[in-house]
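Visitor: Predicted model and sequence below, questions to follow.
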Amino acid sequence: MIKTDRLKAVIPVLDTSEPEREIKGRSLWQDAWRRLLQNKAAVVSMVLLGIIALMAIFAPWLSPYPYDEIYWDYIQSPPNWDTAHWFGTDSNGRDLFIRVLYGARVSLMVGFLATGVSLIIGVTYGAIAGYFGGRIDNLMMRFVDIMYSLPFMFFVILLMVVFGRNIFLIFIALGAVEWLTMARIVRGQTLSVKRKEYVEAAHAGGVSNFKIIMRHIIPNVLGPVIVYVTLTVPQVILTESFLSFLGLGVQEPLTSWGVLISEGAKLMEVAPWLLVYPAIFLAVTLFCFNFIGDGLRDALDPKDR
Amino acid sequence: MILNRLGRFLTATTLSFSLLTSTAVLADTTIRIGNQGEPSSLDPHYLSGDWEDRIISDMFMGLTTEDAKGDAIPGVADSWDISPDGTVYTFHLRDSKWSDGQPVTAYDFEYAMRRIMNPETAAEYASLLYVIKNGEEVNTGKAPLESLGVKALDDKTLQITLTGPAPYLLSLLTHYTTFPIPKHVVEKYGKDWIKKEHIVSNGPYELVEWLPNTHVKLTKNEDFWDVKKLKIDNVVYYPQEDGPALIKRMRAGEIDVLYKFPSGQIDWLKTNMPKETRVAPYQGVYYYPINTQKPQFQDKRVREALSMAIDRHLIMDKVLKTGEIAAYSMVPPGTSNYGTPSYTSWKEKPMDERIAEAKRLLKEAGYDESHPLKFQLKYNTDDNHKRIAIAVAQMWKKIGVQAELFNSEVKVHYADLKQGNFEVARAGWVADYNDPQNFLFLLESRSKSLNYGNYENPQYDKLMEEAYIESDLKKRAQTMKQAEAIAMEDLPIIPIYYYVSKNLVANYVDGWQDAVNDKHRTRWLSLNK
Amino acid sequence: MWHYFFRRLLTAIPTLLIVITIAFFMMRIAPGGPWDQERALPPEIEANILKAYDMDKPLVQQYFLYLGKVLTGDFGPSFKFKDFSVNDLLLNGFPASLQIGGIAILLALVVGTLLGSMAALRKNSATDYSVMTVAMTGIAIPNFVMAPILTLILGVYLSWLPVAGWGDGEFKYKILPILSLALPQVAYIARLTRGSMIEVLHSNYIRTARAKGLREHLVLLRHALKGAMLPVVSYLGPATAAVITGSVVIETIFDIPGVGRYFVQGALNRDYPLVMGTVIFYGMLIIMLNLLVDVIYGLLDPKVRLQD
């Protein structure tokens, strides 16, 4: 009980408890935050991620070059400090450094938004299905099977046809596809958690289903959820490059890490810098997400102090 | 017979087995070709790609065929007579056999051409043969099959009647749409005649195995009429489409020839595989059709300004780097039956003059900084198309034009082109046969599906009509040049460059010659390892 | 349990029917058609082709025609690969995909759980960090980068393995594809195992088991691992379906005869019968595997009751 009370506060969106509880919750949230700050790997990761995000935001001021200008004398030239093409130039003679930063805008956004959407839908859906079980569960999970089976490509194309090309829509669409496995994981955990004594006790005590799901079920399945979230981030970032291939993602001259990496991969022996720099940025970001995720998990688990 | 084929099949498989394990030294030679495409069929009537052409033309042979340079030479026909008005060709067939020992007859040709023109066959490429009398009528179901202008006079004589003099006919007859098919087999097995256990062919090689998405293996056809001169016993085609992976296979000695290497690798190839890198002019043009139906592009000055402002040489030298030639006409130079194409008038003007002129034209058309010309430039997803579009958009920016780039997958792109759902877009055309008509017909108003920008100029159409019935080659060329001159004045398209073929050929492959149609039949090759 | 199993199998029929219906119309409404290509077809030729494939009929009629054929087990002819029916393509390609994907997923499962458990047991130690770094690298480097690097090193520089191809199906042609396919899965499974293993190790029943004086490896094997596998198993259902149906990237880079590329190529080519074939095929796999997962839940955790 104590555990779940503490945990529910970390999902304030879903929190429906009374005001005085919330105050208590907040202090516990601060408690978790304090513990997160004690985790060195997580702190370093947050700082790094912050730096990357700031670089993405202030990109235009960080390089003497615009992201879309062609420098005809520097087509596909290796990194050079004298010319301030720190990461070299791409096969159109555009500065790679600034393009990696502009790519960060798109990729971080897709990472956050799509993962966020998949997190919210997946967790809610999976918890409801697992908790109610029976016919509801069966129906909801068959819907998941259907979604799995539908060809993703046509799904996205149709979204575009209906709503027009819109970068935000892409992210939502990605999230709307990525939640399926999340829902299955949460449902599986829920099936196990809902038979635990404290849930059955709450049930017997007349607590409403909604509150049980919010207070007891979801907080107790967060461990695997956090891990799976850190795995979803790279997936959506790379899937975005497939959407760009279809012409549904970012359009030139804008770019994303996924696009830069898939372009660089084709030229890895000719112009390795085109692969290496965006790949480093992506890798560092994923490592950060990973360590923050682990730190968050530990900080939220009272048994693990 | 069956035993014989089985035996050959077994030797071929064991051979390729030992070859791939790269241990044994072999008596038989096998050439391995990176073909960049999975064939959609082995039925000559259901093909449309150059990767399919390479396989099928090793397996079958038409009335004429290609020499090592890709030019038309006698094939199954060893001689022919042409009527004075150039519309009736009578072919005399040599003694030749199908790979099951049956003779190849004129009736096989007649049967094949009636089949491809039959609307029920639903052959994609049938329109290529509309030059044959009643071809279009038969294919659209308006005339009976028997009325087609292809008649077998006896086993050894075939007569083809045309709608007009077509000096390119002999080149066209090397094309797989005109190949004979074995009447006795097709009638027996129907659509299944191309299955491994049934198929027979009349070309230098016959099918051993087709493993979809992995390889097509051919072996020498002992019944081929010129089999003694073949120096290569087996051919393996790999459908792999990943260019960089294919280059690695070549470096590891797993393949001998690679068609269409990816341009992005050119710097590396020039340094590390200069001898293997074969770049040669190729009969094709890369262009941007402009949608003349859109109000802003009905103004000729706008179209001309857009075309002028593109520094093609800069794109060739810095972006493509694979020796493509800057294009200022529809027909590539070096096309047969033509001479020098009609270029745009400003071809030789220096770039700064052209830019100034383009700016002036745009201003006259009513566009300036406060009211810039804006449109979308569409291209289908591909590294080269993208790089060119980026460069062109940048060049247009210099004359104050704002072009938004817009890529889509190939099917959506061409659906947009077909429906006129574009402003300026990327397109390309590679010749089916070596003749200017094969380029210029694209801009005729009746070529609905290929005249993407809906260019309509009655004068152009009239000149082309005249050319079709002209039997004097010089006059014909002259008329078509006039037509092209009109098009290059109107500029409904922006020519960007003429294609080059880009192949990697191992040093030990002998007999490889550059060919404008990029056709290099295995028949002429040998391995000198 | 058998009752549950069969009831679930029965629900597969309406599920598939819904999938077929939605996919059919979704695919047909999407822009671009099978014959939109660089060489546009003259309208009269396109008319011939549409007629040959019954595509000149109203869409709803086409749907019922298709449904009728599917019920007899006939997925129709492929538009793109004209010498083969969709049944041929899927049946000929699946063994290769199943073999490569099956080995890859088994490998990933064994190595992934092992690494994940190791990391969890020595949490925040050097072992943990190095295992997780390797795992994260496996996730951060997409397979279209990993596969070319592997072929470059092992195929081109060292000449230990063939760069690509299938030969006559010798095992050496399969090593690199299996590795490239397995690596990211190892990473995923290791991450998931570690996460839930840590959680399980702190739970009461493990403490009780330990307190009871059970030997450590018994505690780990019999209790901890079993409990920790729940999220991994949830993940494995769809992951297995995806891996054993092959990957377009791996199949293109290694030129191997699987069905993976039909999923993407079929869609890109607008090869409608092939798209439908892959959808139905994949749908059946997903349904079967998710059913299997649900049954395994019951085996792993007695608290989970199978109900219908």
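Guide: Structure received.
Visitor: Please tell me how far C:A190 sits from A:D298.
Guide: In this view, C:A190 and A:D298 are 18 Å apart by CB to CB, to the nearest Å. Where you see a C-beta, it was placed from the backbone N, CA and C, and this is true even at glycine.
Visitor: okay but B:V285 is in contact with B:P332, surely?
Guide: Yes - under the criterion of CB atoms under 8 Å, B:V285 makes contact with B:P332 at 5.8 Å.
Visitor: who touches both of these two?
Guide: Residues touching both B:V285 and B:P332 by CB atoms under 8 Å, 6 or more residues apart in numbering or on different chains: B:F439, B:Y498, B:Y499.
Visitor: show me where pLDDT drops low in the chain?
Guide: I went with chain A, as the question did not name one. By pLDDT under 70, the low-scoring segments of chain A are A:1-29, A:301-305.
Visitor: Chain C was what I was after
Guide: Ranges of chain C meeting pLDDT under 70: C:1, C:303-308.
Visitor: Tell me where it has helices.
Guide: C:2-29, C:43-52, C:59-71, C:86-121, C:126-140, C:143-150, C:172-201, C:204-211, C:216-218, C:226-244, C:248-254, C:260-268, C:272-300 (DSSP state H).
Visitor: got JSON lines for the ones you listed, with mean neighbour count and distance to chain A too?
Guide: Shown next, in JSON lines, are those (neighbours: other CB atoms under 10 Å in any protein chain shown; distance: least, CB to the nearest CB, whole Å):
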{"stretch": "helix C:2-29", "mean neighbour count": "16", "distance to chain A": "5"}
{"stretch": "helix C:43-52", "mean neighbour count": "18", "distance to chain A": "20"}
{"stretch": "helix C:59-71", "mean neighbour count": "13", "distance to chain A": "14"}
{"stretch": "helix C:86-121", "mean neighbour count": "21", "distance to chain A": "10"}
{"stretch": "helix C:126-140", "mean neighbour count": "18", "distance to chain A": "4"}
{"stretch": "helix C:143-150", "mean neighbour count": "21", "distance to chain A": "5"}
{"stretch": "helix C:172-201", "mean neighbour count": "25", "distance to chain A": "4"}
{"stretch": "helix C:204-211", "mean neighbour count": "14", "distance to chain A": "9"}
{"stretch": "helix C:216-218", "mean neighbour count": "10", "distance to chain A": "19"}
{"stretch": "helix C:226-244", "mean neighbour count": "24", "distance to chain A": "4"}
{"stretch": "helix C:248-254", "mean neighbour count": "25", "distance to chain A": "10"}
{"stretch": "helix C:260-268", "mean neighbour count": "24", "distance to chain A": "5"}
{"stretch": "helix C:272-300", "mean neighbour count": "21", "distance to chain A": "3"}
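Visitor: Those: which one's closest to chain B?
Guide: helix C:43-52 (3.7 Å; CB to the nearest CB).
Visitor: Residues of chain B that sit close to chain A?
Guide: Counting by CB under 8 Å from any CB of the partner chain, the residues of chain B lying close to chain A are B:243-244, B:262, B:264-265, B:267-268, B:314, B:318-319, B:381, B:383, B:386-387, B:389-391, B:393-394, B:404-409, B:412.
Visitor: A strand includes B:V216, no?
Guide: Yes - counting by DSSP: H, G, I helix; E, B strand; the rest coil, B:V216 is found in a strand.
Visitor: Nearest to chain B within chain A, name that residue for me.
Guide: A:G247 (3.5 Å).
Visitor: how about that residue, what does it touch?
Guide: A:G247 makes contact with B:T381, B:F406, B:N407, B:S408, B:E409, B:V412, according to CB under 8 Å, 6+ apart.
Visitor: circling back to that earlier point, make a PyMOL selection of whichever of the residues of chain B next to chain A turn out to be buried.
Guide: Selection of buried members from these for PyMOL, criterion 16 or more other CB atoms under 10 Å in any protein chain shown:
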select buried, chain B and resi 243+244+262+264+265+267+314+318+319+381+386+387+389+390+391+393+394+405+406+407+408+409+412
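Visitor: Please list which of the residues of chain B next to chain A are also close to chain C.
Guide: Okay, of the residues of chain B next to chain A touching chain C (CB under 8 Å from any CB), that's B:P244, B:E409, B:V412.
Visitor: Would you confirm that the first one contacts C:A147?
Guide: Read that as B:P244. No - B:P244 is beyond contact range of C:A147, at 10.5 Å (criterion: CB under 8 Å).
Visitor: need the shared contacts of B:V285 and B:P332 in TSV with pLDDT and secondary structure, can you?
Guide: Listed next are those as TSV, based on pLDDT from 0 to 100; DSSP: H, G, I helix; E, B strand; the rest coil:
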residue	pLDDT	secondary structure
B:F439	93	helix
B:Y498	94	strand
B:Y499	94	strand
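Visitor: Give me the distance between A:L101 and C:I141.
Guide: For A:L101 relative to C:I141 (CB to CB), the value is 21 Å.
Visitor: And the residue of chain B closest to chain A?
Guide: For chain B, the residue closest to chain A is B:S408, as judged by CB to the nearest CB, at 3.5 Å.
Visitor: give me phi/psi at the closest residue in space to that residue that isn't next to it in sequence?
Guide: Closest residue to B:S408 apart from its sequence neighbours, by CB to CB, 6 or more residues apart in numbering or on different chains: A:G247 at 3.5 Å. In terms of degrees, to the nearest 10, the main-chain angles of A:G247 are phi 90, psi 20.
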